[in-house]
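1. A predicted structure for the sequence below; I have some questions about it.
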Amino acid sequence: MPGTTQYEVLLDFTNDTHDCATVQLQRDYGRGTGAIVLLHPGESVTLVLDAGTVYKYALKTRSRVANVTARAWRDVRCTVSQLFPSGAATAQPPPPSSEPLRPVQGITVDQLWRDMRFCIWNDA
């Protein structure tokens, strides 16, 4: 019986917005611990993941937060704007639907919400 071979995939988040964005492990969001990656407009971060393993991240730009699940079997490129549908630019997040948002294969947006605790912009 052949054994399973572990391999790694690359997850690339690119900030294609005009504002800064942050990437953080979802379990650390809102806490003073853990790593936060700040992406200026045009910057990207590439994360190395174990293929098929579930990872949960919080991506934030201004007061908008997207809780995402990443589970990929091959390299994935995702822009910040893909995580926030056009309706998310308004004061209220879009109504929940029966189908989760899947902007690219391997990425699922689990929840869109607003966090005003750490926001320096007035975009409410």
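-> Yep, that arrived.

2. and Asp115, how many neighbours does it have?
-> Counted by other CB atoms under 10 Å, the residues lying close to Asp115 total 14. Where you see a C-beta, it was placed from the backbone N, CA and C, and this is true even at glycine.

3. for it, what are its contacts?
-> 30, 60, 63, 65 (CB atoms under 8 Å, 6 or more residues apart in numbering).

4. Where does the last one sit: helix, strand or coil?
-> Secondary structure assignment for Val65 (DSSP: H, G, I helix; E, B strand; the rest coil): strand.

5. distance of it from Trp113?
-> 5 Å (CB to CB, to the nearest Å).

6. Same check on the first one?
-> Distance, Gly30 to Trp113, using CB to CB: 12 Å.

7. related to what we said a few turns ago, with neighbour count and pLDDT as extra columns, can I get the contacts of Asp115 in CSV?
-> Putting those into CSV (neighbours: other CB atoms under 10 Å; pLDDT from 0 to 100) gives the following:
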residue, neighbour count, pLDDT
Gly30, 12, 76
Lys60, 23, 94
Ser63, 18, 90
Val65, 25, 95
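
8. Tabulate these (JSON lines), appending distance to His18.
-> JSON lines is the format used below for those (distance: CB to CB, whole Å):
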{"residue": "Gly30", "distance to His18": "25"}
{"residue": "Lys60", "distance to His18": "15"}
{"residue": "Ser63", "distance to His18": "15"}
{"residue": "Val65", "distance to His18": "18"}
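
9. what two of the residues you listed are the furthest from one another?
-> For the contacts of Asp115, the farthest-apart pair by CB to CB is Gly30 and Ser63; their separation is 13.0 Å.

10. Do a quick rundown of the helices in the protein.
-> For the chain, the helices defined by DSSP state H cover 80-83.

11. now the strands for it?
-> 8-14, 21-25, 36-39, 44-50, 55-61, 64-70, 76-79, 107-114 (DSSP state E).

12. So for Pro100, which of the ones you listed sits nearest?
-> Checking the strands of the chain against Pro100 by CB to CB gives strand 107-114 as the closest, at 5.1 Å.

13. contacting residues around Glu43?
-> Neighbour list for Glu43: 14-15 [criterion: CB under 8 Å, 6+ apart].
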